[in-house]
Structure formats: C-alpha cells, structure tokens
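>>> this is the structure alone, sequence omitted:
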C-alpha cells in the first residue's frame, strides 16, 4: 500500500475534470487518496475537517463499494480511478449508486419514509381549475433530494446525453406513486452552474401552459452548492421516438414493396396546434386555442420567452389521466436549459449572449435566417460563433422549428446521410439536403442556409388534407418577415382544422407500437 499521495494541484484538477464523481464535488471540497488507495473527501484544506469517504453531493456508495485507484503508472504520473466492490471484487466505470440492484434497495428502504406535499402535477389531474391559476410550490433553498427516490437513470451526468445538466433521473416522492423527472444542475462553480440552474427553475415555475413541461418542485441550495428542478414525467416517450418507429417500419415497407405507414392526420393537428399555441404563450403570455378567443393581443406586462432548442427530442408525450380515454396523449415542450427572456440589452433580464446572437441550440433545427449563406466559411471566427446577419433566436425561429418537427413526422422518412441503409437513415432530417457538397464537412453544411429545404411541403400523395399541407408550409415560411406570428397562426389553424374536418371527429388512433411506454414502478 502506498502512503497518502501528494497530488499536485494540476494533477488534482485533471482528475476532477476526468471523473464525474470528482467533478460533482462542491467548490469548497477537496479530495485525497489514502494509504488504501481509496478516495476521501474533506472540506478544511488545513486540518482536513469533515473527512469522509461519502460524497457530499452524490451521497454514500452502496455497501462494499469504494471509489479508488484501479491502475497506476508512476513513471508517467498516470492514475486511473474506478469503482470497486470489496466483497465481489467487481470493477465498474459507471456509478454503482445507479445500478438496478442499488435502486431496488433504495426503493425498498424508502417505503416508510415521510414524503413531501402532493406534487402540483397531481393537483393538475384532480382539480378543475385553469392551469394558469394553479399555485405551485415555491422554489426552495434547501436540498430536498432525500425526499425522493430514484426510479430510473436517464442521464448520470457524465456527459453521455447532454452537457447542460448534472444528471437526469425519473424520481418519485417517497410514499407516493406519481413520477417526476429530476434535472440536476451543472455546478462547476456556484456562480455559474447554480445561476443557470436557477434561471431554468424560475422559468419553469413561472410558465403555465398545457403544452409546456409542468413544474412540480425545485430548489437551489447555495450552502451545499446543489440544485434540482422537478417536472412531470411523460410516460409515452418523445416525438423522436414516434418518428423512429414510423421511419423504421417504412424502411422495411419500401424494401418489401408494402404500403407505407402514415401518421394519423388528427395526431399531427393535435401536435401542431398545441405546440404553436405554446409558442404564442412564450411570445404573449396567453393561450389562443380556445374557440372563444378570437384576438391575438398579448397579456399585460408579459416578458417574452424564447426556447431556443425546439426539436423532436424535446417534444414529449404523456398519457391522459382518464383510463381508456380515446384522446391523443398530452404533447409538451420540455428541456428549458437554453430558454431565455427575449429582451433587449438594456433590460435587467437581458442575456448578453442571446442579445449578441451567439449560437446555441441544435444546429439541425436552426431556422434558415439563423444560418450562414451558403454556409460558414472556414477560418471565419464570427461565423463559427454567431448566427448570420446579426440575427438571434426569436419566437418565429422557434415556430419554424415546430413546423420542421411536424413536417418530419408527417413524412416519416429520414434522409440518407452516408453509409446508412439503402433506403434511408435514422434521423428526423427530412428538412435538410444530404449529402453535403464534396469536400465540405457535415457540421459546416448543417450550419448553412444551403442545407435547408426551401419549402417544407408534405405533398398531396401521402393522403393528408390540403389544409394540413398549407399549415406546415406557413409555419416554416422561409422569410421570417412573411412567417406569421405564433398567435396569428393559432387563429388561422383553428379555422383550417375545422375545414379539414379534424376538430370534432373521434381521433384516428395510432398503433400501439407508435409510442414508447415507460413504467418505472414495475
């Protein structure tokens, strides 16, 4: 056994950047490796007070597990860390706290633990009051994670899914069955990570619309340097999941000369109107979908919001609360990690990077006006960092992304990107042209205006109504000056869906295979 290692600050920083276990440490905590090769944590740099092997944020490892040195090359100063089970001698790279066996133990131990208040999502399901009038739990100042149990790990925070979170988990309040999704804040430092986390939490707490993720709880504990926001759990997967199911079946159908699978038109109207109304709410603070609402006026004193990352992955579906309901699942916009108030630079809520047009979001779903023409030139720093022509994300660019999402689902056909199956790829990129010009890399291509299909027309041969065809074209109008405002679109769509005959009819059901069904209680 080696004596306690004297790691340099540079070596410690490198290890901290490499391993999520160390990256998640609060800024005031440090670590050392003891004479048993195990990682310890402490808070007082002089006297090493509060020395512990239990992580101050992530908590204690399951029984028999330690985080320790697994390999060392002294001649080059190399140390590899990992999780080790002293009893079974098993080694893991993934956090053993999140294995199915560990989560099962947590669930069993949690059955008798006191819970929190009933979540707002449950009140949403049981009380007949307008969503905008529902009271919500205030954003707390103390860590409440111990009140929840983890049912499923979506993202352990290691960067495998998204860089804008410190972990995403399906959780439930101990003693209750209603599921939520917990998104933990990225906390590289208290000043940046928690401020970003608070911004997202505050926005979710403020926004109240039936087509937006529903806030259930949240906290920012600045003493511990941790934060989480809890939103309703959507059990039917995402729009990208639905697209993937149809796309794969249509690849098989083309290979075998079988009829193509067509997404029900009523379902497409359901998504399109609901999401565009959500965009109108972002812009104006009101919903316009009610038949009795005929104007497009904004709410008083409303601060507009832009989502900045509308894409099929971020459109989720949730089962109806009434068992046996024939209505389509609820459709909601999720992931507000990039959402910001759309105000000018002199406003106290101004986001400088947004105002100055710095790129953010998912480039494949940038509206044409955000892209460089024909594409960004190599070596042009501004073109690599900012949107084209001094533009920035707007409500209209969010609307374009909504239209592109619905267009892809209606087409249900992914383009070949190269090296893919003979009949197509797997991504919802029908609004893009592939392959790129010879010699141009794909990243530069998708940031260019030349990669966009100019008119997103689903055509007349799939069997959809002329009204739906026109509705998608309107949302994805190439010129933002000619693209209608979101509230105007909702009012036009209400008339068009009536003309198409999809406003009162019993909806055409989607096949069972179309949705993913999650039940993390089982």
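Done, it's in. Not measured: the values here are computed from a predicted model. Numbers count the residues shown, from 1 in each chain.

>>> only C-alpha atoms from now on, for both contacts and neighbour counts.
Will do.

>>> ok, which stretches of the chain are strands?
Defined through DSSP state E, the strands belonging to the chain, from first to last, are 30-33, 39-42, 65-73, 78-85, 91-92, 148-155, 168-173, 179-184, 215-221, 226-232, 305-306, 315-318, 330-333, 340-341.

>>> who wins for proximity to residue 517 among those strands?
When the strands of the chain are compared by CA to CA, strand 315-318 sits nearest residue 517, at 9.5 Å.

>>> does anything pack onto the closest one? Which helices or strands?
helix 239-255, strand 330-333 (3 or more CA pairs under 8 Å, 6 or more residues apart in numbering; DSSP states H and E).

>>> rerun at 6 Å
Applying 3 or more CA pairs under 6 Å, 6 or more residues apart in numbering; DSSP states H and E, we find strand 315-318 packed against strand 330-333.

>>> make TSV out of the strands of the chain and add distance to residue 485, mean neighbour count and mean pLDDT.
Shown next, in TSV, are the strands of the chain (distance: least, CA to CA, whole Å; neighbours: other CA atoms under 10 Å; pLDDT from 0 to 100):
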stretch	distance to residue 485	mean neighbour count	mean pLDDT
strand 30-33	52	19	91
strand 39-42	54	20	91
strand 65-73	54	17	93
strand 78-85	53	17	93
strand 91-92	52	15	92
strand 148-155	35	20	89
strand 168-173	34	24	91
strand 179-184	32	26	92
strand 215-221	27	24	92
strand 226-232	28	27	93
strand 305-306	13	22	98
strand 315-318	21	24	95
strand 330-333	19	23	96
strand 340-341	17	20	97
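
>>> now stretch 442-462: buried residues?
Judged by neighbour count (16 or more other CA atoms under 10 Å), stretch 442-462 contains these buried residues: 444-452, 454, 456-458.

>>> can you give me the helices for the stretch 351-500 of the chain?
In the stretch 351-500 of the chain, helices defined by DSSP state H, counting those that start in this stretch lie at 352-355, 381-385, 395-411, 442-446, 466-475, 486-500, listed in chain order.

>>> quick one: residue 507 from residue 463, how far?
Computed as CA to CA, to the nearest Å, the residue 507 to residue 463 distance reads 16 Å.

>>> again but with residue 91, I slipped
For residue 91, the distance to residue 463 (CA to CA) stands at 55 Å.

>>> again, but for residue 239
21 Å.

>>> these two - which one has more neighbours?
Set side by side, residue 239 and residue 463 give different neighbour counts by other CA atoms under 10 Å, the larger being at residue 239 (26 against 11).

>>> per-residue pLDDT, the closest residue to that one other than its chain neighbours?
Of all residues beyond its chain neighbours, the one nearest residue 239 is residue 312 (4.9 Å), with distances taken as CA to CA, 6 or more residues apart in numbering. What the model reports for residue 312 is a pLDDT of 98.

>>> is it true that residue 312 touches residue 237?
No. No contact is recorded between residue 312 and residue 237 when judged using CA atoms under 6 Å, the distance being 10.5 Å.

>>> ok, those two, which is more surrounded?
residue 312 (24 against 21).

>>> ok, that one - contacts?
The neighbours of residue 312, taking CA atoms under 6 Å, 6 or more residues apart in numbering as the test, are 239-240, 405.

>>> chain center to stretch 5-18: distance?
Average the C-alpha atoms of stretch 5-18, do the same for its chain, and the two points are 32 Å apart (CA atoms, centre = their mean, to the nearest Å).

>>> could you do stretch 498-511 as well?
Going by CA atoms, centre = their mean, the spacing between the C-alpha centre of stretch 498-511 and its chain's C-alpha centre is 29 Å.

>>> which stretch among the strands of the chain comes nearest residue 391?
It is, among the strands of the chain and with distance given as CA to CA, strand 305-306, at 13.6 Å.

>>> for the closest one, name the packing helices and strands.
Contact partners of strand 305-306 among helices and strands, from 3+ CA pairs under 6 Å, 6+ apart: strand 340-341.

>>> and the strand it packs on, which strands flank it?
In the sheet containing strand 340-341, its partner strands are strand 305-306 (antiparallel), by DSSP bridges.

>>> which residues touch the partner strand?
With CA under 6 Å, 6+ apart as the contact definition, strand 305-306 has outside contacts at 282, 339-342, 395.

>>> between the two ends of stretch 37-54, how far is it?
End residues of stretch 37-54 are separated by 15 Å (CA to CA).

>>> where does the stretch 401-522 of the chain dip in pLDDT?
418-424, 505-506, 518-522 (pLDDT under 70).

>>> count the neighbours of the spatially closest residue to residue 447 that is not a sequence neighbour for me.
Excluding the flanking residues, the one nearest residue 447 by CA to CA, 6+ apart is residue 371, at 5.4 Å. The number of residues packed around residue 371, counting by other CA under 10 Å, is 26.

>>> report pLDDT for residue 371.
99.

>>> same question for residue 95.
Reading off the per-residue confidence, residue 95 sits at a pLDDT of 86.

>>> who's in contact with it?
With contacts defined as CA under 6 Å, 6+ apart, residue 95 has no neighbours.

>>> ok, now how distant is it from residue 51?
Distance, residue 95 to residue 51, using CA to CA: 21 Å.

>>> again with residue 316
The value you get for residue 316 to residue 51, if CA to CA is used, is 43 Å.

>>> okay, the strands of the chain in a markdown table with distance to residue 440 next?
Output for the strands of the chain, formatted as a markdown table (distance: least, CA to CA, whole Å):
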| stretch | distance to residue 440 |
| --- | --- |
| strand 30-33 | 46 |
| strand 39-42 | 47 |
| strand 65-73 | 42 |
| strand 78-85 | 38 |
| strand 91-92 | 40 |
| strand 148-155 | 33 |
| strand 168-173 | 35 |
| strand 179-184 | 37 |
| strand 215-221 | 43 |
| strand 226-232 | 41 |
| strand 305-306 | 31 |
| strand 315-318 | 31 |
| strand 330-333 | 33 |
| strand 340-341 | 33 |
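
>>> between the ones you listed, which gets nearest to residue 430?
Distances from residue 430 to each of those were compared using CA to CA; the shortest belongs to strand 315-318, at 17.3 Å.

>>> tell me the gap between that closest one and the middle of its chain.
Its chain's C-alpha centre and that of strand 315-318 lie 11 Å apart, by CA atoms, centre = their mean.

>>> can you check stretch 169-183 too?
Computed by CA atoms, centre = their mean, the separation of stretch 169-183 from the middle of its chain amounts to 17 Å.

>>> which residues sit against it?
Contacts of stretch 169-183 from elsewhere in the structure, counted by CA under 6 Å, 6+ apart, are 110-111, 115, 148-154, 168, 228-233.
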